[in-house]
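>>> Need coordinates for the below:
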Amino acid sequence: MNLLKFISYGNYSHELGNNSAYLKENNNLLLIDCGSTIFNSILEQGILDDINKIHILITHTHDDHIGSLSSLLLYLKYNHPTKIDYTIIVPEPIQKSVRKHLKRGGVTDDLFIIVKPLVGTYYIQDPNDESKTWISFKCKETRHVPELKCFSYCFKYKGHDYFYSGDTAELSVEDIERIQNLYYKMSYIDVTGNPNNPCHLPFNTLCNLLMPEVRQHVTCMHLDTLTKADIALAGFSTPIVTFGG
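Predicted coordinates:
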């Protein structure tokens, strides 16, 4: 049922590590966000072992989501023992902001960084058969904070659909209906234990929105005061991590 593993699944605090998910298959790595704690965790967990190509998706430009992206790219360019190709796939409205962030981190245009604007559906080819699609996705804007744009992703993989909310304060009517009707094989939803947090979806709101029988198809992520035990007790799935709990 679960498509993605997590490098870590916390919020902006460093106790649980920043929220970042990935899919690793056939020497391909799909990485969602690269917050301040993520680069070091990637190295510690051996995420890059046997990887030839990295596809990096960005949800938005807060530091807990792109804070170590420059470090990762500089490492791949200059320090990794084998060549790894990489592409950064960014929703078009935040492309300039991501480029600006990378330049502040020392990643200049002469390093041949490939930043592709995401418009419509994006297809990643199967590394073993380029006539086939490994995974495809599209993004849509979601409400997080007023000062910047944030995006969620809808994935299609091996005939199944998956939803990744990014940081969001709400779910659309369409997404709630799709989750309830099991259109998505698994949904990954940003939640907060603080019912008054205006930037993330309160966990009690999610509980009120979804029937108990569909909750196992929802993985709660970006945790703050909530624990895995809290989530599991309510019938939701918890993040699968590379190592440990």
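>>> Would you mind listing the residues in contact with the residue most central in space within the chain?
Central residue of the chain (CA atoms, centre = their mean): residue 32, 3.2 Å from the mean position. Residues near residue 32 by CB atoms under 8 Å, 6 or more residues apart in numbering: 4, 20, 21, 22, 56, 57, 59, 153, 164. The C-beta positions use only the backbone N, C-alpha and C, and glycine is treated the same way.
>>> in the sheet, who's paired with it?
In this entry, residue 32 is beta-bridged to residue 21, residue 57, by DSSP bridges.
>>> ok, which stretches of this structure are helices?
For the chain, applying DSSP state H gives helices covering 38-45, 63-66, 69-78, 95-104, 173-180, 203-209, 228-233.
>>> average pLDDT across stretch 62-75?
pLDDT averaged over stretch 62-75 equals 95, rounded to a whole number.
>>> Neighbours of residue 84, how many?
Residue 84 has 16 neighbours, counted by other CB atoms under 10 Å.
>>> In this protein, where is pLDDT below threshold?
Counting by pLDDT under 70, the chain contains low-confidence residues at 14, 109-117, 243-245.
>>> got the residue ranges for the strands in it?
5-8, 20-25, 28-32, 53-57, 85-91, 115-118, 122-126, 129-145, 148-157, 160-164, 184-192, 201-202, 218-221 (DSSP state E).
>>> Nearest to residue 45, out of those strands?
Ranking the strands of the chain by distance to residue 45, with CB to CB as the measure, places strand 5-8 first at 6.4 Å.
>>> What are the contacting residues of that closest one?
Applying CB under 8 Å, 6+ apart, the contact partners of strand 5-8 are 16-24, 37-38, 41-42, 45, 47, 221, 239-242.
>>> buried subset of those?
With burial judged by 16 or more other CB atoms under 10 Å, the buried subset of those is 16-24, 37-38, 41-42, 45, 47, 221, 239, 241-242.
>>> Show the end-to-end separation of stretch 10-23, please.
18 Å (CA to CA, to the nearest Å).
>>> and the residue lying closest to residue 225 once chain neighbours are set aside, how many neighbours?
What sits nearest to residue 225 in space, not counting adjacent residues and going by CB to CB, 6 or more residues apart in numbering, is residue 193, at 3.7 Å. Applying other CB under 10 Å, we find 15 residues neighbouring residue 193.
>>> Now do the phi/psi pair for residue 193.
Residue 193 adopts backbone torsions of phi -80, psi -10, taken as degrees, to the nearest 10.
>>> Contacts only, for it.
Residues near residue 193 by CB under 8 Å, 6+ apart: 202, 203, 223, 224, 225, 226, 230.
>>> would JSON lines of the contacts of residue 32 with distance to residue 102 be doable?
As requested, those are exported to JSON lines (distance: CB to CB, whole Å):
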{"residue": "4", "distance to residue 102": "24"}
{"residue": "20", "distance to residue 102": "17"}
{"residue": "21", "distance to residue 102": "21"}
{"residue": "22", "distance to residue 102": "20"}
{"residue": "56", "distance to residue 102": "11"}
{"residue": "57", "distance to residue 102": "15"}
{"residue": "59", "distance to residue 102": "16"}
{"residue": "153", "distance to residue 102": "20"}
{"residue": "164", "distance to residue 102": "22"}
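>>> thinking again about what came up before, are any of the contacts of residue 193 buried, and if so which?
Neighbour counting with 16+ other CB under 10 Å marks 202, 203, 223, 224, 226, 230 as buried within the contacts of residue 193.
>>> Surely the third one touches residue 12?
This points to residue 223. No. Using CB atoms under 8 Å, residue 223 makes no contact with residue 12, being 11.4 Å away.
>>> How about the contacts made by residue 220?
189, 191, 203, 206, 226, 231, 236, 237, 238, 239.
>>> Most neighbours among those residues, which one is it?
Result: residue 191 is most packed of the contacts of residue 220 (other CB under 10 Å), 28 neighbours.
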